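Participant: Here is a sequence with its predicted model. Questions after.
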Amino acid sequence: MATAASAVPLASPTHRIPARCRHFGICGGCLWQDMDYAGQTAAKDAAVARHLRDVVPPSVLRPIVPARDPWFYRNKMEFAFAPPAQLGLHERGQWRRIVNLEECFLQSPASAAIVRDVRAAVAARGLSCYDARTGKGLLRTLVIREARGSGEAMVGFVTSRGPFPGAAALAAMLATRYPQLTSIVRGIVGENTSAITDVEVLHGRDAIVERVAGLRFQIGLTTFFQANTAQVEGMIALVDEFAALNSAARVVDLYCGVGTFALALARRARQVVGIDVGVAAIQAARANAALNGIRNADFYAASSRAVQVLAGDVDPDVVVLDPPRAGAGPRVMDRIASLRPDRIVYVSCNPATLGADLRILTAAGYAVTAVQPVDQFPQTPHVECIVQVKEHAAA
């Protein structure tokens with residue numbers, strides 16, 4: 001898989017501008033702040049074309065959908081602790097060294113202020129921070145999630161097991177200073193793993209509610225949701241356009257997460273089946289279906305490789321998939337092709353692995369009929385793509 005730095009070519013020197021953030025060049029959060037936005041989008045268009053040139057005709061490549069605002073767009077960020085009382089993002093290329101952030105233009109001004117307040121509180125209270133070299137220390141990461149449609153926000157302290165001295169007082173301080181924090185939680189990492197196994201509520205609820213595309217979504221500490229809320233509504237509309245559903249359509253949504261695409265499609269389909277390996281995500285998807293009064297969407301916690309078993313009674317007309325950066329891989333793509341859906345809608349965050357997966361579908365008799373890049377992550381090389389695939393006979 002291509003690295004973030006190599007996946008997208010650099011723009012010409014004519015696009016160079018002064019970086020906005022004082023931490024740029026040291027912090028690994030952004031790589032492209034010294035490139036104007038027109039240069040960023042042009043480079044991403046070029047990257048998509050390069051990675052897909054041997055699998056799709058140029059005529060199906062659409063120009064990238066730019067971000068509405070290339071600043072303060074992220075609804076989730078994760079900041080790392082390190083001793084003594086450091087909190088921020090990793091240095092570029094140095095995963096054991098932390099930049100103590102004073103400002104950040106990726107999430108929101110309130111997010112940067114929360115980071116500063118938490119760092120000061122940790123220092124004042126003498127709380128221990130996790131040291132990756134020794135494997136010891138309490139505080140590991142700070143997660144901040146913001147629901148742009150509702151105004152709610154969450155702070156999550158991800159910690160090692162053991163006592164968390166002063167957790168209630170720390171949560172009370174944050175809740176007083178930031179009334180939008182309707183959820184302050186502690187996520188506890190399990191033994192011999194970096195995964196969160198338990199979540200404790202320190203203030204408010206265990207989830208926040210986002211509103212997008214006429215739907216409400218409960219988002220917890222560990223569940224996946226698209227990181228750029230302003231672009232999500234347009235992505236949902238594109239998935240709906242490429243799915244081209246009618247009231248009799250049956251849909252299987254792989255890597256469904258909290259049901260972002262599945263619940264939107266269920267409003268026009270006969271039946272939707274969502275599959276995700278994350279138990280917490282499936283629980284959230286079921287809760288979101290109930291929250292929105294949607295009764296024709298069923299969700300299952302299982303590996304995406306189980307699609308053939310779970311979809312056996314569905315006989316899907318459309319398969320939607322939104323895999324992680326590593327892509328879906330041959331086994332999943334072969335199983336999708338074996339179901340012979342009329343249309344496949346592939347949402348990708350990595351054009352390199354997207355190209356590999358699409359080659360499997362074209363070899364199985366499918367044709368790529370539309371590729372729509374979307375800029376979800378300004379100031380970085382990452383680019384999202386939404387792809388429509390049809391059987392050759394229907395193309």
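Facilitator: Nice, I can see it. Numbering: from 1, shown residues only.

Participant: How about residues contacting stretch 35-42?
Facilitator: 10-12, 14-17, 32, 43, 64, 66, 70, 375, 378-379 (C-beta atoms under 8 Å, 6 or more residues apart in numbering). The C-beta positions use only the backbone N, C-alpha and C, and glycine is treated the same way.

Participant: should've said stretch 338-349
Facilitator: With C-beta under 8 Å, 6+ apart as the test, stretch 338-349 has contacts from 235, 239, 242-244, 252, 261, 307-308, 311, 315-325, 327, 336, 354, 357-358, 361, 366, 376, 382-391, 394.

Participant: out of these, which are inside helices?
Facilitator: Within these, residues falling in helices by DSSP state H are Met235, Val239, Phe242, Ala243, Phe261, Val307, Gln308, Ile336, Leu354, Asp357, Leu358, Leu361.

Participant: Buried among those residues? Make that a PyMOL selection.
Facilitator: Selecting just the buried residues from the ones in helices among the contacts of stretch 338-349 in PyMOL takes one command, with 16 or more other C-beta atoms under 10 Å as the test:
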select buried, resi 235+239+242+243+261+307+336+354+357+358+361
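
Participant: Make a markdown table out of the ones in helices among the contacts of stretch 338-349 and add pLDDT and distance to His23.
Facilitator: What follows is these, written out as a markdown table (pLDDT from 0 to 100; distance: C-beta to C-beta, whole Å):
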| residue | pLDDT | distance to His23 |
| --- | --- | --- |
| Met235 | 97 | 29 |
| Val239 | 98 | 35 |
| Phe242 | 98 | 39 |
| Ala243 | 98 | 41 |
| Phe261 | 97 | 35 |
| Val307 | 65 | 43 |
| Gln308 | 56 | 48 |
| Ile336 | 92 | 42 |
| Leu354 | 97 | 31 |
| Asp357 | 97 | 36 |
| Leu358 | 97 | 37 |
| Leu361 | 97 | 42 |
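
Participant: And the ones in helices among the contacts of stretch 338-349, which two are furthest apart?
Facilitator: Distances among these were taken as C-beta to C-beta; the most separated pair is Met235 and Gln308, at 26.8 Å.

Participant: residue ranges of the helices in the chain, please?
Facilitator: 37-52, 109-125, 167-177, 229-243, 260-266, 279-291, 307-310, 330-339, 351-363.

Participant: for those, which one sits closest to Ala370?
Facilitator: Among the helices of the chain, the nearest to Ala370 by C-beta to C-beta is helix 229-243 (6.3 Å).

Participant: what's the distance between the nearest residue to Tyr366 once chain neighbours are set aside and Pro58?
Facilitator: Closest residue in space to Tyr366, ignoring its immediate chain neighbours: Val389 at 5.0 Å, by C-beta to C-beta, 6 or more residues apart in numbering. As defined by C-beta to C-beta, to the nearest Å, Val389 lies at a distance of 17 Å from Pro58.

Participant: can you check Gly204 too?
Facilitator: Taking C-beta to C-beta as the criterion, Gly204 is separated from Pro58 by 51 Å.

Participant: Show me which of the two is the more surrounded one.
Facilitator: A direct count of neighbours by other C-beta atoms under 10 Å for Gly204 and Pro58 places Gly204 higher, at 18 against 9.

Participant: Thank you kindly, that will do.
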